[in-house]
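Trainee: Model the following, please.
(chains A and B)
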Amino acid sequence: MNLEVTAKTRLGDFALDAALASEGRTTALFGRSGSGKTSLVNIIAGLLRPAEGRVAVDGTVLFDSEAGINIPAHRRRIGYVFQEGRLFPHLTVRNNLLYGRWFAPEESRHVSLDEVVELLGLEDLLERGTAQLSGGEKQRVAIGRALLCCPRLLLMDEPLASLDDARKAEVMPFLERLRDHARVPIVYVSHSVAEVVRLATTLVLMSEGRVVASGPTAEVMGRIDLFPITGPVEAGAVIDGTVEAHDAAAELTHVRSRAGLFRVPGLDLTPGTHIRMRVRARDVMIAVKAPEGLSALNVLPGKVVEVGPLQGPVVDIALNCGGERLVAELTRHSVEALQLTPGREVFALIKSVTFDEVSHVSGLGRAPDAITN
Amino acid sequence: MPGRKSRASANFPGRDRDWMAGSSLAMTSTRLQIVLTLTPEELAAIKLSLRVATLAMAASLPFGIVIAMVLTRTRFFGRPLLNALVLLPLVLPPVVTGYVLLLLFGRQGPVGRFLDEQFGIVIAFRWTGAALACAIMGFPLMVRAIQLSLQAVDRRLEQAAATLGANPLLVFVTVTLPLILPGVIAGAILSFARAMGEFGATITFVSNIPGETQTLPTLIYTFTQVPGGEPGALRLTLISIAISLGAILVSETFVRRVQPRLGLPNES
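Mentor: Numbering: from 1, shown residues only, chains lettered A, B, ... in the order given. Next up, the predicted model:
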């Protein structure tokens, strides 16, 4: 998949001036509310026409203000899952699902109803009216409907934002299955770090109508200069690991990563399972000598690679632990007292690990819990 | 010609009377029988009114939907004028509307002469002319009802349909039209009911010719003008009330049956 978008336009007081290119299978557009994410996907879908710009998917130009190209939304073949679902109230779930299929060209109908129903677990809902669906079910149907029009690209605009946490946990595994099994690239809009980290391979960070950074998710999330945008509470490093073994006696699971071995409270996963962990900057402490007599289980050796500006009470620093990037939020006092400068060998003490992703799980994905140790 | 058909049934006055008598079985009161027994003339007027109202409603419905779409969805220079023109029959004295129609569609009128010469169509003093007068009188009610339901349509659903590959015409047919169906039905019934009661424009434009343009209201008017016409006027008044009541009940049940299927537009 190759997506290229440049767009410049004014919407009232808001100016959008964004450029992005992504090769990733799942691209997340991430930023605060009002940063222009939805406007950008509307431009890709053809629902919003920018004053100037260009939109191309896999080399097919959908919009080009200079060349005077503007393919209307209904001929773009771009699936769109809206925040509010937007199911047709006069149609049953089955007919909602099949709606786009009526219009898809014969040769591109490579997705079958059975496949989608199976993927999204919709068997029991098919004959229902849309009024009898829960919020999570509505979003699953909306996703299925977009998939069945056999799009070349699937846009998802905060599909979980209108759901409570329990419904989010219900839909999330389906999104992961979608990413892993549906052969369609996804652009996923979100302002939730947890969703983005769990789903995205490529992250595009937006702020005030501009794209401020883009790249592999772990790389962008670990950039301390972007913390003001990625959010001070949730900011942190993303580390991929593999379940290595279970310590039944201590009820711990060992997860191997490039940064070292993590020991975490028991996970119900078979050894070999790939998992993605998120280590928040504020959950990392730094020691300059190998610590002893600690309650924290996970102590990783590493080297300081970057120190944020020494202003204000807190400073973010980035470490390289065996090739993985870790970030820590420390007081400026500690940074100065420990003389933390780039190149310094240190130990990272990790208080807590958040598990955001479980992929390659056979059968239905399980909604994993955030676990601390 | 439908007019001739109703005259044909006038050849068998006894049949109609027997039928009515049969339905009132145990009713022995001759006064009640007089009230409930329709003369061929009255029956013809009722049938004609139903035919006129049905044609008026059916022929104006597509125009009503298009005009409601234009007035609700577009913003152009002449829109306020078009809106006023649609509403005009509602406030104009019906006799004025009828006279304007006569000026335009009469044999000597510009439109009437054109239709006569080019297509051999004459509507002045014909039942089709009555349908035209009724359609125009009911048009504002129809358009208003459809406009109201169009304003309530969540346009984001239409956007969703577009992203699923439906072109604007298909979006209208598969999403917009089903969503405004209650309003369309309500508008059609209002137009029908208005046509059943239309008097002023009809009598001015097509007169009051028995068997051709004598509708239920104009026959009631005739009865009130002749001595001994009271029983006939009373019978037709009852029939008129029954038909109007029936139309409203049918429309309400239909609208109620459609609405739950549509669900409540309060998702999100």
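Trainee: show me where the stretch 101-250 of chain A has helices.
Mentor: Secondary structure of the stretch 101-250 of chain A (DSSP state H, counting those that start in this stretch): helices at A:113-120, A:135-148, A:165-181, A:193-199, A:217-221, A:227-230.
Trainee: Most tightly packed of these?
Mentor: Ranked by mean neighbour count, the helices of the stretch 101-250 of chain A are led by helix A:135-148 with a mean of 25 (mean count of other C-beta atoms under 10 Å in any protein chain shown). Placement of C-beta: from N, CA and C, glycine included.
Trainee: helices and strands around that helix, which ones?
Mentor: Judged by 3 or more C-beta pairs under 8 Å, 6 or more residues apart in numbering or on different chains; DSSP states H and E, the packing partners of helix A:135-148 are strand A:78-81, helix A:93-98, helix A:113-120, strand A:153-157, helix A:165-181.
Trainee: Please work out the average pLDDT along that helix.
Mentor: For helix A:135-148, mean pLDDT rounds to 91.
Trainee: What is the burial count for the nearest residue to residue A:218 once chain neighbours are set aside?
Mentor: Distance criterion C-beta to C-beta, 6 or more residues apart in numbering or on different chains; nearest residue to residue A:218, sequence neighbours excluded, is residue A:238 at 3.9 Å. Neighbourhood size, residue A:238 [other C-beta atoms under 10 Å in any protein chain shown]: 26.
Trainee: pretty sure residue A:238 is touching residue A:281, no?
Mentor: No - taking contacts as C-beta atoms under 8 Å, residue A:238 lies outside contact range of residue A:281: 11.7 Å.
Trainee: which non-adjacent residue is nearest residue A:183?
Mentor: Nearest non-adjacent residue to residue A:183, counting by C-beta to C-beta, 6+ apart: residue A:110, 7.9 Å away.
Trainee: surely that neighbour meets residue A:150?
Mentor: Yes - between residue A:110 and residue A:150 there is a contact under C-beta under 8 Å: 5.9 Å.
Trainee: higher neighbour count, these two?
Mentor: Higher neighbour count among residue A:110 and residue A:150: residue A:150, with 20 against 10, using other C-beta under 10 Å.
Trainee: contacting residues for that one?
Mentor: A:77, A:100, A:101, A:104, A:108, A:109, A:110, A:111 (C-beta atoms under 8 Å, 6 or more residues apart in numbering or on different chains).
Trainee: that older thread, for the helices of the stretch 101-250 of chain A, which one sits closest to residue B:218?
Mentor: Evaluated over the helices of the stretch 101-250 of chain A, closeness to residue B:218 peaks at helix A:135-148, with 54.9 Å, by C-beta to C-beta.
Trainee: By mean pLDDT, show me the worst of the helices of the stretch 101-250 of chain A.
Mentor: Ranked by mean pLDDT, the helices of the stretch 101-250 of chain A end with helix A:227-230 at the bottom, a mean of 76.
Trainee: Could I have the CA atoms of it written out in CSV?
Mentor: What follows is helix A:227-230, C-alpha atoms only, in CSV (Å, rounded to 0.1, in the frame of the first residue of the first chain):
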residue,chain,number,x,y,z
PHE,A,227,6.0,14.3,24.2
PRO,A,228,4.0,17.5,24.4
ILE,A,229,1.8,16.1,21.6
THR,A,230,1.8,12.4,22.4
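Trainee: Name the residues that touch it?
Mentor: The contact list for helix A:227-230, computed with C-beta under 8 Å, 6+ apart, reads A:30-32, A:193, A:205, A:207, A:212, A:220-221, A:235, A:281, A:308, A:316.
Trainee: switch to 10 Å and redo it
Mentor: Contact with helix A:227-230 is made by A:30-32, A:35, A:193, A:196, A:203, A:205-208, A:212-213, A:220-224, A:234-236, A:281, A:308, A:314, A:316, A:327, A:329, as judged by C-beta atoms under 10 Å, 6 or more residues apart in numbering or on different chains.
Trainee: In three-state terms, label residue A:348 for me.
Mentor: Three-state call for residue A:348 (DSSP: H, G, I helix; E, B strand; the rest coil): strand.
Trainee: Just give the nearest non-adjacent residue to it, would you?
Mentor: Nearest non-adjacent residue to residue A:348, counting by C-beta to C-beta, 6+ apart: residue A:300, 4.8 Å away.
Trainee: Done for today, thanks.
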